[in-house]
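Sequence and predicted structure are below.
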Amino acid sequence: MSTLRRLSTLIPSAVAVGLALVAGHASAADREPYASTYTPLPTEELLITGATVLTGTGERLDGADVHLVDGRIAAVGTDLEAPDAAVVDAGGLWLTPGIIDVHSHLGDYPSPGIAATQDGNEATDPNTARVWAEHSVWPQDPQFPLALAGGVTTLQILPGSANLFGGRGVTLKNVPSRTVQGMKFPGAPHSLKMACGENPERVYGSRNQAPSTGMGNVAGYRSAWAKAVAYREKMAAAEADPDVDPPERDLTMDTLAAVLDGEILVHNHCYRADEMAVMMDVAREFGYQITAFHHAVESYKIADLLAEEGICSAMWADWWGFKLEAFDAVNQNVALVDAAGACAIVHSDSARGIQHLNQETAKAMAAARQAGMDVDEAEAIRWLTANAARALGIADETGTIEPGKAADLVLWNANPFSVYARAQQVYIDGYRYYDRNDPDRQPLTDFDLMQTARGMER
Amino acid sequence: MSTSMTGFSCRSALQSAIAVWRQCARFASAKPNELRPLLQGLFVALLAPAAHAGTAIVGGTLYTMEDGEPRDGMTVLVGDDGVVEAVGAGLAVPDGYERVDASGKVITPGLIESYSQLGLVEISGEATTVDAQVSTSTVGGGNAPVVEPYRLGPAFDVQYAINPDSTLLPVNRVGGITRAVVAPLPGNDPLSGWGAVITLGDGEVLSGPKVAMFGAIGAGSAGYVGGSRSAVIQRLRLAFERAREFRPGRFQQEQGGYTRRELEALAAFLEAEVPLVLSVHRANEIREAIALARDFELDVVIHGGAEAWKVADALAEAGIPVVLDILANLPVSYDQLGARLDNATRLHQAGVTVLLTAEETHNARLLRQIAGNAVAEGLPWGEALAAITRRPAEVFGLAEGVGTITEGAPADLVIWTGDPLELTTWAERVMIDGRWMPMESRQTRLLERYRSLEGNRPFGYR
C-alpha cells in the first residue's frame, strides 16, 4: 500500500519535470537524437618542440616541432616559429597521435564488476540491433581516467557479443563528463556490433533457443537482413509517394536499414577465418560493407581476402586459448595482415589492456621482427591510430599528426614501444587532459572519491 | 659432437654413472618439495645419452641472480647431467662441449611463473579440457543437470591431471618460461587443495607435487560459507585447530565442516611445512591472513594482494611474501578498490619479498612484460628479474639453485636478444635441465603454414 501511494505521488511530479525538459528544448526535434554535447575546452596556442614524432602516416620525424592553434594541429616540422605560443620542451620525448581503441566496453562493463554494473550485453534476444551501447555508458566508470593515463583519447564502446546483432556502438572522446552526450565524438558515425561464433551459440543454445549452431547464426543474420531490405524498400516507397504509408517504425530495422544505407558501420566480432569468409558472403548477399572484424585471431589465414574486400581486422597481440575459436592465434597476426595490404588494428576489449595498447603494439611489432619481417615504429603506430580512426569513420578528424587534424596527442617519456615508457601528457583537441607530473591534470571520477587508491590520495 | 652419436659408449656410461652419483648427492641435501632433479638426472644419464658431453655458453651479458647485477665476458659450463658445472671468466671449454657464442645477448635463468594452471587447462571455455578445480559433479557433461556439489576441499591435489602434452607448454616455453607453479582454483571451499610445480621440458613435466596448499579469502570464498567474509576466517581458523588435533589412528567424524579426508590433508600439510598460498586482496583480510600465519605457525604467501601495499610493514615484519600481478590496477571488485600500479614497488621498499605473476595461464609468457612494468613503476630492475626467477624458487622450495645460474644448479636458462624485460626482445634459445629446447610451438607451426598465402598447394599439405 505504502509503495503504491508513494508511486502515485511521485508520478505526477516526474511527468511535470519531463514536460518542463521538453519545453526547455523546443528545438530538440531539429537535432539528431541523443546528439553529442561535447565542446572542446579553450586552449592556449602551443608549440611542442624537439620531439621524436611518429606521425601515424608511416613517418618518423626526429627533433620535430608541432604547433597547436585552437585545439588543431597548425604545423608539423623543424624549427617552427610561433612567437605567441607557450612552449612545451619535448626534447628526448616521443609524440604520437592519441591512441584510439576500436573495441572497448568501458562504461558498459565498468569497475567494479558487480551485479549492478552488468550493462554490456542485452542478452535477451539474438537480435537487439535496436539497443545503443551509449545508453548503458556510466560516465563515472573509474576505468576511463586509467585509460586516459595510457594515452587513449578516443574509444569505441560496443555492446557485448552475446547476440548476433548486439546493437549500436558509440565513439567517445575520453574526457571527464557528467553525461555520455558530453563524451560523444561529434560527427562520428554509429556502428553496428555483430557477433559470429561460439558466444551467441552458447548463450542461446543453452536456453534451447536459436541460434545454437553456426548455421543457426547465419540463418539469424540472413533473416534479419532480409527483413531489413524489405523495411527499407517500404520506407523508400513511402518517401517517394505521399499516398503510400510508411511501415510502422521498428527500431531494430532502423539500425539495419541505416547499415544498408551506408550510414552505420559494421563491426563484426569474428575469430575464425572460415566464419569471416561466410560473413563476407552475407554482406554481399544483402549489399552492405563490413568495416572491421574484431578479435580476428585468424585474419592471417585470409589476409589476402580481407585486403581485397577492404575490411579492417582489429586484433590482439597475443591473447589466445580461452575458446576453441581463439586457439589458432599467432603473434604475427597483426603484422601479416598489414603486410598483405589489409587494414590492421590493435584493439583491447579489456579495461586492463586499454591502458597499455602501446605495449600490445610493441609486442606485435617484435613478433614480426622475430619472424624476419621488417616493421618499424613509424609503421606500427598506425595500428593504434590512423587505421583505428579509419575503422571508426573519423580519419578526417583524428588519428594522425598532420596540419588540420584535431590535436589529439600523446607525449611519451620514452619510446612508446618500450615497456618502460609512460604517457607523460595527453591532449584531446589541444587541451591537456592528463599530465603525469601534475595531479591537477589527472581526472578522478565520482566513484574514485574516497574509494579507490587514486581517490584516497586526493 | 664427437661422443655418443653412435650409442652408449664406455665413456658416456662412465659419465652417466658419475652424473647419477652427483645427482644423488645433491638430492640428499636438497629441500624435499621438488624431486625432479634426481629423476631427470637418472633419465638423462641412463636412458638418453647426450649428443655431446656438455655445453659451454661463452660471452654475452649474464645474470646469475646471485644478485641482480650483470656479468660480462663469462662462460657457463653445463654438464651432460643437466647441471651447471661452473660459471666464471675465461673458463676453458672442455673437449666435446658444444660451444655457444652469446656475444651481444643476455643470459638469464629460465623464468618461473608463480601462479598458473599450466597443464590443467587447454581451452578455458571447454569444461572437458579444464581440470583446475573441484566444484560440482554432473552426469553426462554438457547441459546435463548438476547432480550435487562434489567436495574435496584441501584434499584436492592437481598433480594427477597435469597434461605433459598440453600445447600451452611449448607456447610458453619458447617465451622463456621454464618452470611454473600449478595452483588449484577455488572450487567450493576456502581451501582449494594442493598445488604442484612443473618443468616446461618436453618429457615428464611434474617436478614437484604438493609444493604448497592453496586457498582464498574474500568475497569469492564467502560465497562457499554462507556469504560473509568473516565466516571464511572463522572456518579457516577452525580447520587448522581441528587439523592440529587430528590423529590419524583415531576414528573421527566430520569436524568444523571438514570431512575426515580433508582434515587428513590439512594435517599432512601442517606436517609438510610447505607454504599456504592465500589469494586475498583486501587490506583487513590480509591482516587476518597474517594473524592466521602467526597463530598456527604457517608459511603464508599472499597471492593477489591488491591492497597489500596498505599493510606492507606488517607483511615485512611477518616475513610473508606476496605474489602479484603488477598490471592488475583496476578496482574490479570491492575486494580490490585499493589496487594500484606501484604495489610491488611499495612492498619492496617496505622489505616484503615480491614475486610476480602474469596471472594468465595461456600467456604465462607475459611474465617478463609484467616485470618490465614493475620496473617502470619503480621496482629495481634486478629485483624484478629476481621476482620471476630466484624468489619463486626460494619461496616454493624448489631444488637447490633453481632460478639462478650457479654451480650445481639445474641448467634452466634463456638466451635473449636483449633486455629480457623489454617488449621488443625475444628468447632465442631456451635450455631446460641442460638440454636445448626446440624453439617450436603450435603457434610457430601455424605461422609457417600461413606466412605466405601464395601458391596452389592446399594449406593442408603445407
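Arrived safely.

Flag every residue of the stretch 151-300 of chain B that's near chain A.
Within the stretch 151-300 of chain B, the positions near chain A by CB under 8 Å from any CB of the partner chain are residue B:168. (Glycine included, C-beta is placed from N, CA and C.)

Could you find the residue in the stretch 151-300 of chain B that comes nearest to chain A?
In the stretch 151-300 of chain B, the residue that lies nearest chain A is residue B:168 (6.9 Å; CB to the nearest CB).

these two touch, right, that residue and residue A:322?
No - in this structure, residue B:168 is not within contact of residue A:322 by CB atoms under 8 Å, at 11.7 Å.

Looking at the two, which is more packed in?
Counted by other CB atoms under 10 Å in any protein chain shown, residue B:168 and residue A:322 do not tie: residue B:168 has more neighbours, with 28 against 15.

separation between that one and residue A:320?
10 Å (CB to CB, to the nearest Å).

Now the common contact residues for these two.
residue B:362 (CB atoms under 8 Å, 6 or more residues apart in numbering or on different chains).

can you list residues touching both of residue B:168 and residue A:322?
Common neighbours of residue B:168 and residue A:322 (CB under 8 Å, 6+ apart) are residue B:362.

what sits against the residue of the stretch 151-300 of chain B closest to chain A?
A:321, B:118-119, B:121-122, B:361-362, B:364.

what does residue B:79 give?
Residue B:79 neighbours (CB under 8 Å, 6+ apart): B:19, B:53-54, B:85, B:434.

Only whichever of those are buried, select them in PyMOL.
Burial among the contacts of residue B:79 is assessed by 16 or more other CB atoms under 10 Å in any protein chain shown; the matching PyMOL selection reads:
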select buried, chain B and resi 19+53+54+85+434
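
Around residue A:272, count how many other residues there are.
24.

and it, backbone torsions?
Per-residue torsions, residue A:272: phi -90, psi 140 (degrees, to the nearest 10).

Hmm, it is touching residue A:298, no?
Yes - Residue A:272 is within contact range of residue A:298, at 5.2 Å (criterion: CB under 8 Å).

between these two, what contacts are shared?
Residues within reach of residue A:272 and of residue A:298 at once, by CB under 8 Å, 6+ apart, are residue A:328.

Which pLDDT value does the model give residue B:160?
Note on residue B:160: pLDDT of 98.

So residue A:238 is in contact with residue A:232, correct?
No - between residue A:238 and residue A:232 there is no contact under CB under 8 Å: 10.8 Å.

The closest residue to chain B within the stretch 151-300 of chain A and residue B:265, how far apart?
Nearest residue of the stretch 151-300 of chain A to chain B: residue A:300, at 5.5 Å (CB to the nearest CB). Residue A:300 is 47 Å from residue B:265, where distance means CB to CB.

between the two, who's got more neighbours?
residue A:300 (29 against 25).

biggest strand in chain B, by residue count?
When chain B is parsed with DSSP state E, its longest strand is strand B:206-216.

Show me what it pairs with in its sheet, parallel or antiparallel.
Neighbouring strands of strand B:206-216 in its sheet, by DSSP bridges, are strand B:191-199 (antiparallel), strand B:276-280 (parallel).

Dump the ones you listed into CSV; add mean pLDDT and mean neighbour count as well.
Output for the strands paired with strand B:206-216, formatted as CSV (pLDDT from 0 to 100; neighbours: other CB atoms under 10 Å in any protein chain shown):
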stretch, mean pLDDT, mean neighbour count
strand B:191-199, 97, 28
strand B:276-280, 98, 27
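
Make CSV out of those strands and add distance to residue B:232.
Shown next, in CSV, are the strands paired with strand B:206-216 (distance: least, CB to CB, whole Å):
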stretch, distance to residue B:232
strand B:191-199, 10
strand B:276-280, 9
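
how about the residues of the stretch 351-462 of chain B that lie near chain A?
For the stretch 351-462 of chain B, the residues in contact with chain A (CB under 8 Å from any CB) are B:362-363, B:365-366, B:369, B:372-373, B:375-376, B:421-426, B:443-444, B:446-447, B:450-451, B:453, B:459.

In ChimeraX, how would I select just the buried ones from the residues you listed?
Buried subset of those, written as a ChimeraX selection, criterion 16+ other CB under 10 Å:
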select /B:362,363,365,366,369,372,373,375,376,421,422,423,424,425,426,443,444,446,447,450,451
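
Not counting sequence-adjacent ones, nearest residue to residue B:152?
Leaving out its chain neighbours, the residue that sits closest to residue B:152 by CB to CB, 6 or more residues apart in numbering or on different chains is residue B:134, at 4.8 Å.

Tell me the gap between the top helix by length along chain A and the middle of its chain.
In chain A, taking DSSP state H as the definition, the longest helix is helix A:214-240. Centroid displacement of helix A:214-240 relative to its chain, using CA atoms, centre = their mean, to the nearest Å, is 26 Å.

So is that helix next to chain B?
No - shown here: helix A:214-240 not in contact with chain B (CB under 8 Å from any CB), separated by at least 15.9 Å.

buried sites along that helix?
A:214, A:216-218, A:220-221, A:224-225, A:227-229, A:231-232, A:234-235.

Also stretch A:374-390?
A:375, A:377-390.

which of those residues lies closest to chain B?
residue A:377 (9.3 Å).

The closest one contacts residue A:417, doesn't it?
Yes - using CB under 8 Å, residue A:377 is in contact with residue A:417, at 5.4 Å.

which residues do those two both contact?
Joint contacts of residue A:377 and residue A:417 (CB under 8 Å, 6+ apart) are residue A:365.

ok, now which ones touch residue 209?
No chain was given, so I picked chain A. residue A:126.

meant chain B, my bad for not saying
Residue B:209 neighbours (CB under 8 Å, 6+ apart): B:157, B:159, B:194, B:196.

Okay, now stretch A:154-173: how far is its last residue from its first?
5 Å (CA to CA, to the nearest Å).

Residue A:194 is in what secondary structure piece?
Secondary structure assignment for residue A:194, by DSSP states H and E: strand A:191-195.

which residues touch that strand?
A:129, A:133, A:156, A:158-171, A:221, A:255-256, A:259, A:264-270, A:279, A:291, A:392.

Stretch A:172-184 now?
Here stretch A:172-184 has contacts from A:34-38, A:107, A:134-135, A:137, A:139, A:144-145, A:147-148, A:152-157, A:170-171, A:185, A:428-429, A:433, A:443, A:445, using CB under 8 Å, 6+ apart.

which among those end up buried?
Buried by 16+ other CB under 10 Å: A:36, A:38, A:107, A:134, A:137, A:139, A:144-145, A:147-148, A:152-157, A:170-171, A:185, A:428-429, A:433, A:443, A:445, out of these.
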